[in-house]
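# Here is the input, now give the coordinates:
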Amino acid sequence: MRARSVIKISLGVIYLLAAATATAETAHAAASEKEWRHPDLKDIQITVPPLVGEVYEAEVPDTLELGNRAALALNGITRMLNPEYSYAQYTYADLRHNPPYMAMEAGITNLNPKWIEALPLLRIMSGSVQNSDIDHLMIEGVFENTGIDGLTYQPPDHPGAFYEDFSREQAQPAANIFGEGRQLLTWAVWTQIDPDNPVYRQVAERKIQRLLEITARKGEGLYFRRTQGYTPGQEDTENLDILAITDHDVKDPSFGMVGTAVAHSVSPVAMGAGRYYRVTGYEPALELARGLANYYRDDGKAIDENGHWHGNHFHIMALGVLGQLEYALAAGDEEMLQWVRRAYEYGRSIGDPTLGFYAGIPACNPCEYNPNAEECGQDQDRLMVEPCSVADMILIALQLTRAGVDDYYEDVEHAVRNYLVETQVTNVDFIKDYPEELSTGVKNLHQAILDDDPRRLNYDDVAERSIGSFCCANPNQWYQGAPGPHLCGCCIGNAGRVLYYAWDSILEDKEDDLWVHMLLNRASPWADLDSYLPYEGKVVVKMKQAKNVNVRIPSWTNHDKVTCSVNGQDRTPEWARGTYLRTEGLQAGDELVVQFPVPEKTLYTNLRGKEFWMTVRGFTVVDLQPHADVTPIFQRDFYRKTKAPMRKVRRLVSNRSIVW
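Numbers count the residues shown, from 1 in each chain. Okay, the predicted model is just below:
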């Protein structure tokens, strides 16, 4: 592990200010001499503020608690790391192999920022301090690989440094544009977690300046001519040959930067820059987001004006929507918000919102909208769902709803209660029963990694370290196909942050009113919400402050059968916005109880030509048939009891809130 210096933060900031004025020639000369790392950032020490808030014991229904899921996710995020290589993540774990192993890929620039963004959010909602002593080391690992020019570079000597041939053949430190966008989201969070430390803003703003420098211009739009592979201090970037890499595939560069490739490059940076502007007001961030959003809509050839998606890989195309959405929120662009709504509705239409199933994109008609037509609908038969895709759709739905464009809270509650939490690994009991005959392809993948570079592999306590991770899944089972990875580092970061955004959206405090948008457990400074769903149609709001309370009543129940009481005394239901039961004049210490029927029904769905029957109790899928023989999911018959079990918990109500 690297030695850590005692350089102070203030010196790092001074140098960063100077670096912001450095010429491209100076940066290029430094890079050519192999001195590309920022001289202060590579040894900087970060102090992470402690988690603070009110802690107390409570007895609550033993129902879905997103804070518990956040604590599990922290286990994976803080334990699936390699301290010998800048605390880079092990990009995935494969528990199907005997023994289970973790493998490194190009994580430090690409996926580590996802984990660092989710890290404080998960701590706020869970109160967990598990391995909090390494939070600063994860941040320092990214900083130490940040160049003088502001971009962060993958060191070529890391195990599994490059997953595509171009960067591998260059054999130089290489920036990943997708990861640069994710870093801007990360520093937008950390500027709020530690507002007294200016280093996060300085790093982000130098990065934004460099991203503006390396973009190419087309009309009112900006784009990148490479999705990755930029080297330190590179010049004349507007005239580079186009390198249209998505995840592992290079699209035909003769069509330009279009389709899935543009969603993989332009959109994450628009997403990060738009969010960073909303948090800080830094004008160049809005300039960058606007230029990228203009290019994506006018020239990206990925999503048309009707909202139809013309590409492949659901997660990456959903990022295209998120990039436009973050820009629209930053700029107050109402017309763009309507464009995003159309794109969300299309993504919703090709999935199953009740289950939270989002995978594969149909072949487009006409697919010629994307000149690289061969990629359109390549994954149209795909049944495997990435938790990233589910998380993306949840975030789009939440932000559109918060912006007043439409109301998608029920989409969110369905997706959270079903696909999102069902793909999280809460225990590893299945390992002992995993059939040997299914592991041939897994063995081949393991051998290929071993032959490539044995440093990529780790076998130490892998199963326990990966608890809390998220697993790609077919509709009724965790993904069994080989040679695909089992638990993805990509997904724990994306799903982790969205656990927070969903949790944060359960309750909304607006002056004298408290709005209960989703019927999930939540402790807060204003009131504690206890949800008995799906066992019982019952929610209890325990007041801590004097408020009027508005409780959203689900569309699937009979509103005429809704009852409410305050401190055991019946109240006549009143309604707000048509779907919220309103109770006025509640005081601290009051207890509001709302009850309603929970119907159970069996629904048929056809997913990519495969037939499934799901039994749904309220929002929750309690059974999905046909049942899988190995690692089945959605087998939750225990939820069909009519009385919720209770349990005692320790709760933390943090005094922090994050702009998102």
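# going forward, measure contacts and count neighbours with C-alpha atoms only.
Will do.
# What segments of the stretch 51-200 of the chain are helices?
66-79, 107-110, 112-126, 135-143, 165-170, 177-193, 199-214 (DSSP state H, counting those that start in this stretch).
# which parts of stretch 166-182 are buried?
For stretch 166-182, the neighbour count (16 or more other C-alpha atoms under 10 Å) marks 167-168, 171-182 as buried.
# Now distance to Asn474 and pLDDT too, for these, in JSON lines please.
JSON lines is the format used below for the buried residues of stretch 166-182 (distance: C-alpha to C-alpha, whole Å; pLDDT from 0 to 100):
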{"residue": "Ser167", "distance to Asn474": "32", "pLDDT": "92"}
{"residue": "Arg168", "distance to Asn474": "33", "pLDDT": "91"}
{"residue": "Ala171", "distance to Asn474": "37", "pLDDT": "94"}
{"residue": "Gln172", "distance to Asn474": "38", "pLDDT": "96"}
{"residue": "Pro173", "distance to Asn474": "37", "pLDDT": "97"}
{"residue": "Ala174", "distance to Asn474": "34", "pLDDT": "96"}
{"residue": "Ala175", "distance to Asn474": "33", "pLDDT": "97"}
{"residue": "Asn176", "distance to Asn474": "29", "pLDDT": "95"}
{"residue": "Ile177", "distance to Asn474": "30", "pLDDT": "97"}
{"residue": "Phe178", "distance to Asn474": "26", "pLDDT": "96"}
{"residue": "Gly179", "distance to Asn474": "27", "pLDDT": "96"}
{"residue": "Glu180", "distance to Asn474": "31", "pLDDT": "98"}
{"residue": "Gly181", "distance to Asn474": "29", "pLDDT": "98"}
{"residue": "Arg182", "distance to Asn474": "27", "pLDDT": "97"}
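# Export the residues you listed as JSON lines, with columns for distance to Pro626.
Formatted as JSON lines, the buried residues of stretch 166-182 follow (distance: C-alpha to C-alpha, whole Å):
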{"residue": "Ser167", "distance to Pro626": "44"}
{"residue": "Arg168", "distance to Pro626": "44"}
{"residue": "Ala171", "distance to Pro626": "49"}
{"residue": "Gln172", "distance to Pro626": "50"}
{"residue": "Pro173", "distance to Pro626": "49"}
{"residue": "Ala174", "distance to Pro626": "46"}
{"residue": "Ala175", "distance to Pro626": "45"}
{"residue": "Asn176", "distance to Pro626": "41"}
{"residue": "Ile177", "distance to Pro626": "41"}
{"residue": "Phe178", "distance to Pro626": "38"}
{"residue": "Gly179", "distance to Pro626": "39"}
{"residue": "Glu180", "distance to Pro626": "42"}
{"residue": "Gly181", "distance to Pro626": "40"}
{"residue": "Arg182", "distance to Pro626": "38"}
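# Please identify the buried residues of the helix or strand where Ser265 lies?
Assigning secondary structure by DSSP states H and E places Ser265 in helix 260-280. Judged by neighbour count using 16+ other C-alpha under 10 Å, the buried positions of helix 260-280 are 260-279.
# just stretch 315-333 next, same as before
Those would be 315-331, for stretch 315-333 by 16+ other C-alpha under 10 Å.
# Tell me the residue in this structure that is farthest from the middle.
Farthest-out residue of the chain from its mean C-alpha position, per C-alpha atoms, centre = their mean: Gln569, at 42.9 Å.
# So which of the buried residues of stretch 315-333 belong to strands?
Using DSSP state E, no member of the buried residues of stretch 315-333 falls within strands.
# Those residues in helices, which ones?
Among the buried residues of stretch 315-333, the members falling in helices (DSSP state H) are 315-331.
# hmm, back to that, can you tell which of the helices of the stretch 51-200 of the chain is closest to Asp249?
helix 165-170 (10.0 Å; C-alpha to C-alpha).
# Let's check: the centremost residue of the chain is which one?
Closest-to-mean residue, the chain, C-alpha atoms, centre = their mean: Asn494 / 2.0 Å.
# Now do the contacts for the nearest residue to that one once chain neighbours are set aside.
Once flanking residues are discounted, Asn494 sits nearest to Cys388: 5.6 Å by C-alpha to C-alpha, 6 or more residues apart in numbering. Each residue near Cys388 by C-alpha atoms under 8 Å, 6 or more residues apart in numbering is listed here: 315, 490-491, 494-495.
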